[in-house]
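> A predicted structure for the sequence below; I have some questions about it.
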Amino acid sequence: MTTADIRANYSQVATAYDGKWADVLAVHARAVADRLDLRDARRVAELGCGPGRLLDHLAGLAPQAQVIGSDLTEEMLRRAPARYDRVLGDLQALPFASATLDAAVMPFVLFHVPDLPLALAEIRRILTPGGSFAAVTWSGHDPHSAYDVWVRVIDEHGAPDDPSPQMPSNDVTSDPAKLRTALEAAGFGQVEITVERFRHAPTAAEFLAHSQVVGAMARRINLLPADRRTACLAAAERALAELDPEAFVESGTVLYATARAGDAG
């Protein structure tokens, strides 16, 4: 998957993402940001901010700071609060001068980056010496009955493989030891990584609505001809209706990572 693929995908799903899913992820975004001391920060950014759910929280943590939201996708930025500066930018070539941010927070983004070492080097470049960095990444996923049913039905209807396969960077960002090594190699110190629980309990209707728009299975079903797609969705709705509410619970682990930028050079 290229940067252009990522931009195109999130342009298409921006409206759906800005619904309940953004609020689910924001819980963890706020929790990791709370681990930073931003009281004296003057310039703070959420990188990959999407619809900007974290920006108000950052403003509360950093009352003296200019708060900035940056994202690869213009459609996402339009949904972020207009009272904050919003900057269109690629994590691999960030549109900020060197050593101009006191903190950067990046929830649920690093695993999307095609070139992870380059992105981490860019984040380090734009932070002041001693500047703070925080990220949340996916780690492990528990068995998920509703998702398994959804995949089975899509397979039965002949949906092609996901055209946007998982980034190799996910192998690093999902593993605490590998993520630590990557951060230190990019010039970060005082790296702290903890494994935290993730849990989301949608209704059957919410699960189906979300799964048609966001994620690998949504991309697969969108490749089906219209008539077969309609039949697939009807079959999925019937199969999912037979499941207990607990089958729709998505759970697993995420990594909270915090670090400080070392001295330049």
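Nice, I can see it.
> Specify the local secondary structure of the residue sitting furthest away from the middle of the chain.
What lies farthest from the middle of the chain is Asp227; by Cα atoms, centre = their mean that is 32.4 Å. The three-state label given to Asp227 by DSSP: H, G, I helix; E, B strand; the rest coil is helix.
> Let me know the distance separating Glu250 from Gln66.
In this view, Glu250 and Gln66 are 36 Å apart by Cβ to Cβ, to the nearest Å. Heads up, the C-betas are built off the backbone N, CA and C, glycines and all.
> again, but for Arg260
Going from Arg260 to Gln66 by Cβ to Cβ gives 20 Å.
> Same check on Val32?
From Val32 to Gln66 the distance is 21 Å (Cβ to Cβ).
> which of those two has more neighbours?
Neighbours per residue, other Cβ atoms under 10 Å: of Val32 and Gln66, the larger number sits with Val32, 22 against 15.
> Would you agree that one falls within a helix?
Yes. Assessed with three-state DSSP, Val32 lies in a helix.
> got a pLDDT number for it?
With respect to pLDDT, Val32 scores 98.
> Surely it is in contact with Ala103?
No. Between Val32 and Ala103 there is no contact under Cβ atoms under 8 Å: 11.6 Å.
> who touches both of those two?
Taking Cβ atoms under 8 Å, 6 or more residues apart in numbering as the contact rule, Val32 and Ala103 both touch Ala134.
> where does the stretch 1-150 of the chain dip in pLDDT?
Applying pLDDT under 70 to the stretch 1-150 of the chain flags residues 1, 5, 7-19.
> Kindly report the same for the stretch 151-265 of the chain.
Where the stretch 151-265 of the chain drops to pLDDT under 70, the residues are 165-167, 263-265.
> Secondary structure element for the nearest residue to His157 once chain neighbours are set aside, which one?
Distances taken as Cβ to Cβ, 6 or more residues apart in numbering put Cys232 closest to His157, at 4.0 Å, once the chain neighbours are dropped. Element membership for Cys232 (DSSP states H and E) is helix 226-241.
> buried ones in that helix?
For helix 226-241, burial by neighbour count (16 or more other Cβ atoms under 10 Å) applies to 229, 232-233, 235-236, 240.
> Many thanks, have a good one.
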